[in-house]
Each structure stands twice: as C-alpha cells, then as structure tokens.
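Peer 1: this is the structure alone, sequence omitted:
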Ligand code: NAP
C-alpha cells in the first residue's frame, strides 16, 4: 500500500512513501514495548504533561505551515485547518492539565480499605482517517499518553505528510520514539499488530467496514476496541427556530471541511410545509454562494473533496439518488476546473426506498426533508443505521432538550450543530460505533482501574465473622 500526498486541488502527486517492511515494523514494536516497560509510564505525570504542553505550543507556533501541509494532503481550507490545529493544541493542553486529578487513586467510600488505581494498559494501536488529520491523532495521543499508554498510529494513506508532521511535533516536544510512532503499514500488517500480545487495545475512526474488520481481529485476540464510525446526523428544525441563525448554523454544520465530517449535518429535517420551502430556498442561496478555489487562498470558501476517488463516489451516490426519484434542488455536478471539486448539492424528495435515505454522504451534499410535525421529524431522524450526533433548532429550550433526548445518538445539540471540544465526550451508538473519545469518558477507555483492597494485619478471612 503506497502512502501518497495527491493534492486534490491540483491532482498532482506531491510525495509518496512505501509501506514499511515487516522487519522495520518489528523493530518499532520492540522499541515501543521497551519504552512502555522501562520508560514512559514510569515518568511523573507532571513530566508527561510538560511534554504534551510543549507539543501544544509547537502546534500553535507553527500553525500556518502545518495548516498548509493539511491543505496539500487533503484539500482543507487553511482557516479551517488553523481551527483544527488550535483544537488539537487545546486537547493536548486539557489532558496535560487534568491528568493528575483524573489519574489520582480513588478510595471507594463504601468499601473501607479499597482504592481504585489508574494503570495504563500498554501499547495501543490507533487507526485514523484523513478528514481531520491532526485532531484525530491529538484526540488519541493527548489522553492516552497522559494515562501512560504508548501509541502506534496508522494514519490514512492519503495524509502521509500530516502523519509525519504530527510525529515530528511530538518528537521535538520530547515524546520518545517508543511512546508515539507513526506507522506506514499495510492492512495485513495492521492485523499482525493487533495479534501482537504486547499490543493491548485498538481504537479506530473510519468506515463501518474498516471498523468491523479491526474490531473482529481485536475480539479474536480478546483485546479492547473503541470504534468511532460514520454518521448521518439529522438537524431537526422546529416551527419556532429562527431562520437566519439556523441557516448560519446549518452552513457550518454542513459545509465545514467541505462536508467531510462524521458529524456533519447530513440531513436537514424541517417541520411544516411553508417553512420547508423557506429553508430550502435559504439553504440553496447560502450553499450556492460558496466560491470554489485553491484551499491555500484565504478568499476560497469551497475546497475540493479529499480525492478523485471520493469525488467519483459522491457523483455515483447523487446519480443513484436521482435515478431513485430524488430531486436535485442544487448543484449535483463536478465543477469544471482542475482538481476534485463538487458543486454544493441539495437532494430533496428522498423516498424511504432511495439508497441515500439510509447511507452516509461524505461531502458537500445535504439531504433535505420536510415533515408535518415533531413526531415525524424524530421518527425520520432515527430511521437510519447510524447514531453519532444530531441537533435540534427551536426557540423553546425545554422542548429542544426533550427532542435532543429522543434522537438516537451518542451526542445531540440544541441550537448548534454537533461539534467537539476537549471537555465533551465524542462517540456514537448503532453503526456509528462504541466507546468514546475525549472528556473523562475517552480518557478512561484504555485505563485499568485496578482495585487494591487493604485489610489490617491479622485480618480474618472474608466471611469469617459471619461464619462465627
Ligand atoms: P476508512 O476507509 O475506514 O479509513 C479509515 C482508516 O482505516 C484509514 O487509516 C484506513 O487506511 C484504515 N483502513 C481502511 N480499511 C481498513 C481495514 N480493512 N483494516 C484496517 N484499517 C483499515 O474511512 P474513510 O472513508 O477514509 O473515512 C471516512 C469515514 O470515517 C466516514 O464514514 C466518517 O464518518 C468516519 N469518521 C468517523 C469519525 C468519528 O469520530 N465517529 C470521525 C471522522 C471520520 P487507508 O487509508 O490506508 O485505507
């Protein structure tokens, strides 16, 4: 498998790298195992924290160069790439700042003498996607390195420059080679890594297919996995949602990263016939006003999709949706310019038997629905295999919270699209995966909360009192 930067704005291959040999992989795993046994988890939490804070500082200082690297790998607009880098730095800082409290021993108040101690598990494998090339790595490395685990990361094959840049930041900050290592590996080698008894867990963000394959291999080895998979997030627009603010939020929810986000607003569900017409026109105007161009140019508001393959996949989904009766309310075609650009697209009149009704569309394509009432909106929102995020827009916050709770998902937002901060857990249910990243929940996914129960010298065996 070749790792290659193919700039999606130009179609040019800028760099490529071969997958490493099995011998090189074995050497990396040996180094990682040695680092876990003798070094990283034995360092004071404060020392690990200082290193991660240095990494955060480097990311902030070098954000322009790193953003351009991201842009060349996968086409992200530079201002959005800078936003991602700032979030990545904030994640590293947050776990550095909160680890001491989180990892402190926790006496069990109802069990005298019993305490839970946070211990790391060992080597973790992270398999990551291209769409947020720094955030994805930071949200695993930040918490897990603070726990004392060590991480080997297999990034997506189309973002090798980002994979190397993140590893380089970690190294310059002082993370030893055995505590964080980038791997250019093949799918077969991923299997072999999971089989290695020194590897104790795997986390994958990506498609259902890749998730199922990695989770199956982990399960066969009795190892823990966390899966962050695709989504088809609904945005429910109730009768009283203000039009302007809702459209602004929908634009961020839909078009951030050219729609290539697991938690993008993929389905807009508007309550009421007249409001449906109003919102459709407003979304057509807003999405239609985006200006395609070079993602390195700050004036560009519509970047390419990540690759020619991704563009062809999207065009096929649009064609199939149309053939099954959907109306193309906006766009629908490739943009006539160099690079892999798709017109912002809105699909309407999507019937239940249309393939896109239940698929994830990973690009600048909005599925638009109009329903008669709240109950129909919730039923439609939940009628997909996914359950990642979701949102509801309303002037009535109590009603908003009630509807948010009724959406079958791991996350739901009222009056904002789904978004991510270091403090909030991220993850889904149904085919969107299991487990969480970020927050205290993500922090704890690969921790051995080890029980140590201490009784005084000469204590009688358990149950001896009762037995007399
Ligand atoms: P993908 O094909 O599953 O790729 C994701 C990662 O898995 C890449 O590193 C890929 O490597 C690797 N991979 C692919 N097949 C594999 C296999 N059989 N065994 C082991 N590893 C394998 O996903 P994608 O289509 O590029 O990414 C988009 C998907 O990710 C969307 O569904 C999106 O919603 C989801 N996503 C979810 C979240 C979340 O937090 N829930 C966040 C972002 C994205 P190669 O690149 O070398 O193939």
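Peer 2: Structure received. Please read these numbers as outputs of a predicted model, since none were measured by experiment.
Peer 1: alpha carbons only for contacts and neighbour counts from here, please
Peer 2: Noted.
Peer 1: who's in contact with residue 294?
Peer 2: 9, 300, 303 (Cα atoms under 8 Å, 6 or more residues apart in numbering).
Peer 1: closest to residue 45 out of those residues?
Peer 2: Using Cα to Cα, residue 303 comes nearest to residue 45 of these, at 41.0 Å.
Peer 1: if we can go back for a sec, filter the contacts of residue 294 to the buried ones?
Peer 2: Buried members of the contacts of residue 294, scored by 16 or more other Cα atoms under 10 Å, are 9, 300, 303.
Peer 1: where does the one residue in the stretch 251-400 of the chain that gets nearest to the ligand sit: helix, strand or coil?
Peer 2: Going by Cα to the nearest ligand atom, the ligand is nearest to residue 262 of the stretch 251-400 of the chain, at 3.4 Å. Secondary structure, DSSP: H, G, I helix; E, B strand; the rest coil: residue 262 is coil.
Peer 1: the residue of the stretch 1-150 of the chain found nearest the ligand - nearest residue in space that isn't next to it in sequence?
Peer 2: Proximity of the stretch 1-150 of the chain to the ligand (Cα to the nearest ligand atom) peaks at residue 129, 4.1 Å away. In space, and not counting its chain neighbours, residue 129 is closest to residue 156: 5.0 Å by Cα to Cα, 6 or more residues apart in numbering.
Peer 1: kindly report the same for residue 255.
Peer 2: residue 364 (6.1 Å).
Peer 1: also residue 287?
Peer 2: residue 344 (5.9 Å).
Peer 1: equivalent analysis for residue 394, please.
Peer 2: residue 241 (4.1 Å).
Peer 1: which helices and strands sit right next to the host helix or strand of residue 370?
Peer 2: Under the criterion DSSP states H and E, the helix or strand holding residue 370 is strand 365-371. Applying 3 or more Cα pairs under 8 Å, 6 or more residues apart in numbering; DSSP states H and E, one finds that strand 365-371 makes contact with strand 265-271, helix 273-288, strand 345-348.
Peer 1: figure out how far that strand is from the centre of its chain.
Peer 2: Relative to its chain's centre, strand 365-371 lies at 24 Å (Cα atoms, centre = their mean, to the nearest Å).
Peer 1: so is it next to the ligand?
Peer 2: No - Strand 365-371 lies apart from the ligand when judged by Cα under 6 Å from any ligand atom; the minimum separation is 13.7 Å.
Peer 1: OK, contacts around the closest residue to the ligand within the stretch 51-200 of the chain?
Peer 2: With Cα to the nearest ligand atom, the shortest gap between the stretch 51-200 of the chain and the ligand falls at residue 156, namely 3.3 Å. For residue 156, the contact set (Cα under 8 Å, 6+ apart) comprises 3, 127, 128, 129, 130.
Peer 1: in strands only, show me those residues.
Peer 2: Mapping the contacts of residue 156 onto strands (DSSP state E) picks out 3, 127.
Peer 1: ok, the contacts of residue 156 vs residue 54, which is closest?
Peer 2: Among the contacts of residue 156, and counting by Cα to Cα, the member closest to residue 54 is residue 128, at 23.1 Å.
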